[in-house]
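Enquirer: Kindly return the folded structure for what I paste below:
(chains A and B)
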Amino acid sequence: MPWMALLMLLGVLALAPWWAAQQPFVLHMLVTACVLVVPAVGLNLMLGHGGLVSLGHMGFAGIGAYVAAVLMVDARWSFGGAVWAAMLAAGAAGGLISLLCFRFRGHFFMIVTLAFGLMLHAVMNNWDSVTRGAAGFAGIPRPTPVRWGDEVWSFGPLPHFYALALAMAVIAFALQYLVVNSNFGRSLAAIRQDERLARSRGVNTLLYKTAVFAIGTALAGMGGVLQVSFLRVAAPASFTMLESINMVLIVIIGGAGSLVGPALGALLYVALPELLRLSNEWRLVIFGVLLVLITLFAPKGLAGLCARAWRRVWPPQSQTPAGAKP
Amino acid sequence: MSYLRIQSLGKRYGGVVALDGVSLEIAGAGIYGLIGPNGAGKTTLFDCLAGTTAPDQGRVWLQDQDVTGWPAHRMARLGVARTFQECRILPEETCLDNVLFAAQPQGLGGNLLQMFTRGPGHRVAALDEAMRLLHLVRLQDHAHAPAAELSFGQRRLLEIVSTFMAQPEVLLLDEPASGVNPSLLQVLGDFVKTMMAERPRVMLLVEHNMAFVMDMAQDIIVMHQGQVLERGSPAQVQASAKVVEAYLG
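Expert: The predicted structure is shown next:
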């Protein structure tokens, strides 16, 4: 049943260019949600599944964004190649930096990730010769049009770019699904629940945590490329500490450790100001209040609330206890 | 070839000498009781054997391989499995998943590959054995329930079952009987004896419950102030004047 709901949701999202044909801002919002959800999935792997709270996540998205920008503008790479290079660069940087961060635990770990996020932002903001500094890196092209016989599919029009953004979001979710339902994912869950126990079961916890950090930051890099290709400019302002903290909020409010959590969090994040007709500044206030309410009453986030409502409407048929596997 | 050989192992924490030149040889399979007053260094010895901490001096050989200072995950893969005094399980996983996790291969490369090949691998192969072990400790009805729902005594059983599931050569049980009620303790004792009879291996048992350890162990090692005070059969140790003075009272 949850699969049916998921497919329906995906169908509704895929058909958005048709049902929202008269309302381009809806499509714009959905693209923004996709841009946010790709790094959010990466952070969910680290935070929700591995228990590693990173407060510098968007710094790694920035690495991906600027690597792609330099490659596409200065070196005239194609979008596809730039995505791979960006993911590789962000993932490698994430893996290396995480090795330094893992020398600290708990709150200290979080503070060190925050510090690295700030450093990355400072580099983007000040390395004028490469990143064009605070003014931003303008003139980033949309992906080159795809030719299929006589058909030409350019990514200029919003519905076309939306298709690309949705596809990248789906890839991120598919990767998350693979990670969570694998031996690697089970070892990560063990590390989150009891790191000493995981180690005594033969898990090289440092290596595993580095690996999930690399995968998570590679996804952040992928989100960074998607963002700058959408906005056609890479600006340091997109990769600040505040954006990193927003990312943590999206993951926790959506439901840390849940498969659909990042999607719910990102959709709410972009939809809230529109729904309430409020200015952007109020969004953080509302998100802050939501965060308090959710940590108090729904530790599994929106995804947990949805799952609970689902079980109330369609109670499980079998007599086996909740969570049982056939 | 001896299972385990320890030579003048030393470890200090600040000014406290936890281990003061412990030498020990475990030649054959069986259950070895490790007793002594609090602070005698029993858990520190376990930590050094399981790789949780590295000793300051001395050497450890496991089946004639020098494993001094190896980290915990390497010792685990070599066949050293331990339980913890404070009892550690994976609370969010089901009991069955707890047991199956102990049988999971933990190489990072192989596990990253398994993400994409999605082979069921160990989970199918180990399922029958996992259920059999859960039956032995009468946790089969809880197999699909989260481990957090278990009572403390049941958690102990789950922890020990998981430890055996890893097919270890050397088992280190740190106070398995503490906090376990008498009927569950009976189940635990029977389970351990069954498993030890099925396959020869070494079990070191740190325990303060004298009736339990004297019943289980063939050989008792008494530790006192970071040193081995006495070693012998349960009857010999209970008769030893030194041991009575230092510990049994």
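Enquirer: CA atoms for contacts and neighbours, from now on please.
Expert: Fine.
Enquirer: residue of the stretch 201-326 of chain A with the smallest distance to chain B?
Expert: residue A:202 (3.9 Å; C-alpha to the nearest C-alpha).
Enquirer: That residue is in what secondary structure piece?
Expert: Assigned by DSSP states H and E, residue A:202 belongs to no helix or strand.
Enquirer: repeat for residue A:293
Expert: Judged by DSSP H and E, residue A:293 forms part of helix A:280-297.
Enquirer: Look through chain A and tell me its longest helix.
Expert: helix A:205-231 (DSSP state H).
Enquirer: For that helix, name the packing helices and strands.
Expert: Contacts defined by 3 or more C-alpha pairs under 8 Å, 6 or more residues apart in numbering or on different chains; DSSP states H and E place helix A:205-231 against helix A:24-43, helix A:57-69, helix A:79-101, helix A:158-180, helix A:183-193, helix A:195-200.
Enquirer: Residues of chain B that sit close to chain A?
Expert: Contacts of chain B with chain A, taken as C-alpha under 8 Å from any C-alpha of the partner chain, map to B:50, B:72-77, B:81-82, B:88-92, B:101-102, B:104, B:106-108, B:111-112, B:114-116, B:118, B:144-145, B:166.
Enquirer: contacting residues for residue A:159?
Expert: Contact partners of residue A:159, counting by C-alpha atoms under 8 Å, 6 or more residues apart in numbering or on different chains, are A:17, A:27.
Enquirer: At which residues are the strands of chain B located?
Expert: Along chain B, counting by DSSP state E, strands occupy B:4-13, B:16-26, B:30-35, B:57-62, B:65-66, B:80-82, B:170-174, B:202-206, B:219-224, B:227-232.
Enquirer: Take these and lay them out in TSV including mean pLDDT.
Expert: Shown next, in TSV, are the strands of chain B (pLDDT from 0 to 100):
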stretch	mean pLDDT
strand B:4-13	91
strand B:16-26	90
strand B:30-35	92
strand B:57-62	92
strand B:65-66	91
strand B:80-82	92
strand B:170-174	93
strand B:202-206	93
strand B:219-224	91
strand B:227-232	88
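Enquirer: Put together a markdown table for those strands, with mean neighbour count on each row.
Expert: Output for those, formatted as a markdown table (neighbours: other C-alpha atoms under 10 Å in any protein chain shown):
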| stretch | mean neighbour count |
| --- | --- |
| strand B:4-13 | 18 |
| strand B:16-26 | 18 |
| strand B:30-35 | 24 |
| strand B:57-62 | 20 |
| strand B:65-66 | 12 |
| strand B:80-82 | 28 |
| strand B:170-174 | 24 |
| strand B:202-206 | 23 |
| strand B:219-224 | 23 |
| strand B:227-232 | 18 |
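Enquirer: In JSON lines: those strands, plus distance to residue B:126.
Expert: Listed next are the strands of chain B as JSON lines, based on distance: least, C-alpha to C-alpha, whole Å:
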{"stretch": "strand B:4-13", "distance to residue B:126": "28"}
{"stretch": "strand B:16-26", "distance to residue B:126": "30"}
{"stretch": "strand B:30-35", "distance to residue B:126": "25"}
{"stretch": "strand B:57-62", "distance to residue B:126": "26"}
{"stretch": "strand B:65-66", "distance to residue B:126": "29"}
{"stretch": "strand B:80-82", "distance to residue B:126": "17"}
{"stretch": "strand B:170-174", "distance to residue B:126": "20"}
{"stretch": "strand B:202-206", "distance to residue B:126": "22"}
{"stretch": "strand B:219-224", "distance to residue B:126": "32"}
{"stretch": "strand B:227-232", "distance to residue B:126": "38"}
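Enquirer: so can I have TSV of the helices and strands packed on helix A:205-231 showing mean pLDDT?
Expert: Below are these laid out as TSV (pLDDT from 0 to 100):
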stretch	mean pLDDT
helix A:24-43	91
helix A:57-69	94
helix A:79-101	93
helix A:158-180	91
helix A:183-193	93
helix A:195-200	93
